[in-house]
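**Student:** Provide a 3D model corresponding to the input given below.
(chains A, B, C and D)
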There are 2 protein chains.
Amino acid sequence: MTTALSTPTPFRRKSLHAELTDAIRNQIVNGDLAPGIRVPEKDLCTFYGVSRTPLREALKVLATEGLLSLEPNRGAWVSRITPEDLDEVFPVMGALEALSGELACKHISDAEIGHIRVLHRQMLKHYEKRELAKYFEVNQQIHEAILNAARNETLATQYRSLAARVRRARYVANMTQERWAQATDEHEQIMDCLETRDGERLSYVLKLHLENKLETVRQWLQDNHDPA
Amino acid sequence: MTTALSTPTPFRRKSLHAELTDAIRNQIVNGDLAPGIRVPEKDLCTFYGVSRTPLREALKVLATEGLLSLEPNRGAWVSRITPEDLDEVFPVMGALEALSGELACKHISDAEIGHIRVLHRQMLKHYEKRELAKYFEVNQQIHEAILNAARNETLATQYRSLAARVRRARYVANMTQERWAQATDEHEQIMDCLETRDGERLSYVLKLHLENKLETVRQWLQDNHDPA
DNA sequence: AATATGAATTATGAATGCATTTTCATCAGC
DNA sequence: GCTGATGAAAATGCATTCATAATTCATATT
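**Tutor:** Residues are numbered from 1 along each chain as shown, chains lettered A, B, ... in the order given. All right, here's what the predicted structure looks like:
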């Protein structure tokens, strides 16, 4: 009874609202749509060449993700990032990241550790050349790989949702040389923990790593805060 | 400059899609819409007497919350609760609840502790009379009060979202006398931690409490699992 | 009888249109 | 000059309509 087609591999095109959600989310996360600005439906409709119906569905989703705030009859704004937001979000991310470290050490394969090792070396090279953007890029890939190793989609989804909210700040946060060196050192420890599969310590290091990152982002926000 | 009206309290009627979201969420969480069943748009439209546009917006939101699953061109289903789901969700809830305990002990006021003490006594009475539904009700209020004491809306939102997903199971989970006694004892400890503001221990107890709850729910799921 | 095929039915995806609310420019009154 | 009123313009909320994909059911074929 086994044929070449015995394994079902359904392929379905994403619906428009889903694609819009992803596209607009990217626009927000990479700062293309700046925090605080209004987002009239009409503008996005003409930009994407779609009607209001699927667009509005996307806006509702992004609002529940915390990237937009909607006011009835008044439309959508890109959520602002206040210092209070950071103080709220980072502890939660810390708890989730700690859990991800713990679980990752339980489930991670040798191949995955190897892959992260490769990413780690790439990141170090970007650090030496002071290529901030590329550093961030690889950095994010490492954290993503750890998250995947935790084998918990619920955890990953929740974490990514929060990360998206603060990543907008992280992108522009210019680290001091000192902080950058420290972060790199912390990543060295993270690598160690993974290779020895020391979940408890990884949990601790990741949380610390994030707390230090909070300081960086908070600093940036103080320097660049826009008047309400 | 502080007047009676210094705190802005904008007064806006919720929009229809928001009310629908809440209403349908309740239907799902309290089991009125059972896990696994199809949810045709038309049925909900006639039930609520609304058109498809706001309804569909609500469905998108509930899908991002994990209560529904949507398949393009095929419609919506109430998410099933599998043992794998529980194994994913509970650890994440555990991490969040641990954090909430830690934060609550930092911020909770004497009045709030007093209020929780009142709820605690109520719960004990329901336990003695073996009133399961009322016990659950007050139980939930206690956890909600702790969550509020943590003073972190982000945390609260994330936690509630996960709690909603498993509450459907919790409602029907019939506890053994043994487990019930144990849970009550754990709540005694929770109360102690709050009154001594021992965040570290509360964190630990809440996590343990949740792990035990997982066992109960998992047991129920084994007994009542419906065939896919 | 069992399976496969294709038309009819039904459901969802997306665009359009109308009603209501906000916004904003203009102007009257103090 | 500032406050508040008025009406036009614009934006949002929701219903309806059209398009397209999925499902169902009758029919044909083996």
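
**Student:** any idea which helix or strand carries the spatially most central residue of chain A?
**Tutor:** Geometric centre of chain A, nearest residue: A:Ala163, 3.6 Å, by C-alpha atoms, centre = their mean. Assignment of secondary structure by DSSP states H and E places A:Ala163 within helix A:153-172.

**Student:** Touching, A:Leu62 and A:Arg25? I think so.
**Tutor:** Yes. With contact defined as C-beta atoms under 8 Å, A:Leu62 reaches A:Arg25; the gap is 6.1 Å. The way it works is simple: take the backbone N, C-alpha and C, and place the C-beta from them, glycine included.

**Student:** just to revisit the earlier point, could you find the closest non-adjacent residue to the residue nearest to the centre of chain A?
**Tutor:** Spatial nearest neighbour of A:Ala163, excluding adjacent residues (C-beta to C-beta, 6 or more residues apart in numbering or on different chains): A:Met93 at 6.7 Å.

**Student:** All the helices of chain A, in order from the start?
**Tutor:** Per DSSP state H, chain A carries helices over the ranges A:16-29, A:41-48, A:52-64, A:83-107, A:110-128, A:132-149, A:153-172, A:177-196, A:199-224.

**Student:** Distance to B:Arg197 added to these, as JSON lines?
**Tutor:** Output for the helices of chain A, formatted as JSON lines (distance: least, C-beta to C-beta, whole Å):
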{"stretch": "helix A:16-29", "distance to B:Arg197": "38"}
{"stretch": "helix A:41-48", "distance to B:Arg197": "48"}
{"stretch": "helix A:52-64", "distance to B:Arg197": "34"}
{"stretch": "helix A:83-107", "distance to B:Arg197": "18"}
{"stretch": "helix A:110-128", "distance to B:Arg197": "40"}
{"stretch": "helix A:132-149", "distance to B:Arg197": "33"}
{"stretch": "helix A:153-172", "distance to B:Arg197": "27"}
{"stretch": "helix A:177-196", "distance to B:Arg197": "31"}
{"stretch": "helix A:199-224", "distance to B:Arg197": "22"}
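
**Student:** List just the one of these that sits closest to B:Ile146.
**Tutor:** Distance to B:Ile146, taken as C-beta to C-beta, is lowest for helix A:83-107 among these, at 15.0 Å.

**Student:** Could you give the average pLDDT over the closest one?
**Tutor:** Taken as a whole, helix A:83-107 has a mean pLDDT of 95.

**Student:** repeat for stretch A:19-26
**Tutor:** On average, stretch A:19-26 scores 97.

**Student:** returning to that earlier point: in the helix holding A:Ala163, what's buried?
**Tutor:** Neighbour counts over helix A:153-172 (16 or more other C-beta atoms under 10 Å in any protein chain shown) mark A:154-156, A:158-170 as buried.

**Student:** For A:Glu57, the count of nearby residues, please.
**Tutor:** Residues lying near A:Glu57 (other C-beta atoms under 10 Å in any protein chain shown) number 24.

**Student:** Which residues are in contact with the nearest residue to it once chain neighbours are set aside?
**Tutor:** Leaving out its chain neighbours, the residue that sits closest to A:Glu57 by C-beta to C-beta, 6+ apart is A:His17, at 4.0 Å. Taking C-beta atoms under 8 Å, 6 or more residues apart in numbering or on different chains as the criterion, A:His17 is in contact with A:Pro54, A:Leu55, A:Glu57, A:Ala58, A:Val61, B:Lys60.

**Student:** same thing but at 10 Å, please
**Tutor:** With contacts defined as C-beta atoms under 10 Å, 6 or more residues apart in numbering or on different chains, the neighbours of A:His17 are A:50, A:53-61, B:56-57, B:60, B:70, B:72.

**Student:** Now the buried members of those residues.
**Tutor:** Neighbour-count burial (16+ other C-beta under 10 Å) is assigned, among the contacts of A:His17, to A:50, A:54-61, B:56-57, B:60, B:70.

**Student:** Which among the helices of chain A is found nearest to B:Gln182?
**Tutor:** Using C-beta to C-beta, the nearest of those to B:Gln182 is helix A:83-107, at 24.4 Å.

**Student:** Off-centre distance for that closest one?
**Tutor:** Distance of helix A:83-107 from the chain centroid (C-alpha atoms, centre = their mean, to the nearest Å) equals 12 Å.

**Student:** who's in contact with the closest residue to DNA strand D within chain A?
**Tutor:** For chain A, the residue closest to DNA strand D is A:Gly75, as judged by C-beta to the nearest atom of the strand, at 2.9 Å. By C-beta under 10 Å, 6+ apart, the contact set of A:Gly75 is A:Arg38, A:Val39, A:Pro40, A:Glu41, A:Lys42, A:Leu59, A:Leu68, A:Ser69.

**Student:** What distance do you get for A:Tyr135 to chain B?
**Tutor:** A:Tyr135 sits 27 Å away from chain B, going by C-beta to the nearest C-beta, to the nearest Å.

**Student:** since we're on the residue nearest to that residue when sequence neighbours are not counted, how many residues are nearby?
**Tutor:** Distances taken as C-beta to C-beta, 6+ apart put A:His126 closest to A:Tyr135, at 4.1 Å, once the chain neighbours are dropped. Neighbour count for A:His126, taken as other C-beta under 10 Å: 18.

**Student:** doesn't A:Phe136 make contact with A:His126?
**Tutor:** Yes. Using C-beta atoms under 10 Å, A:His126 is in contact with A:Phe136, at 8.7 Å.

**Student:** quick one: contacts for A:Ala18?
**Tutor:** Contact criterion C-beta under 10 Å, 6+ apart gives A:Pro54, A:Glu57, A:Ala58, A:Val61, B:Lys60, B:Ala63, B:Leu70, B:Pro72 as the residues in contact with A:Ala18.

**Student:** Of these, which fall within the contact range of DNA strand C?
**Tutor:** Restricting the contacts of A:Ala18 to those near DNA strand C by C-beta under 7 Å from any atom of the strand leaves A:Pro54, B:Leu70, B:Pro72.

**Student:** any idea how far the first one lies from chain B?
**Tutor:** Remark: distance between A:Pro54 and chain B (C-beta to the nearest C-beta) = 10 Å.

**Student:** quick one, what contacts that residue?
**Tutor:** A:Pro54 makes contact with A:Ser15, A:Leu16, A:His17, A:Ala18, A:Glu19, A:Leu20, A:Thr21, A:Cys45, A:Tyr48, B:Arg56, B:Lys60, according to C-beta under 10 Å, 6+ apart.

**Student:** Looking at these, spot the one nearest DNA strand C.
**Tutor:** Checking those against DNA strand C by C-beta to the nearest atom of the strand gives A:Leu16 as the nearest, at 2.7 Å.

**Student:** Tell me if I'm right that that closest one and A:Cys45 touch.
**Tutor:** No. Judged on C-beta under 10 Å, A:Leu16 makes no contact with A:Cys45 at a distance of 11.8 Å.

**Student:** which residues do the two both contact?
**Tutor:** Jointly contacting A:Leu16 and A:Cys45 under the rule C-beta under 10 Å, 6+ apart are A:Ser51, A:Thr53, A:Pro54, A:Leu55.
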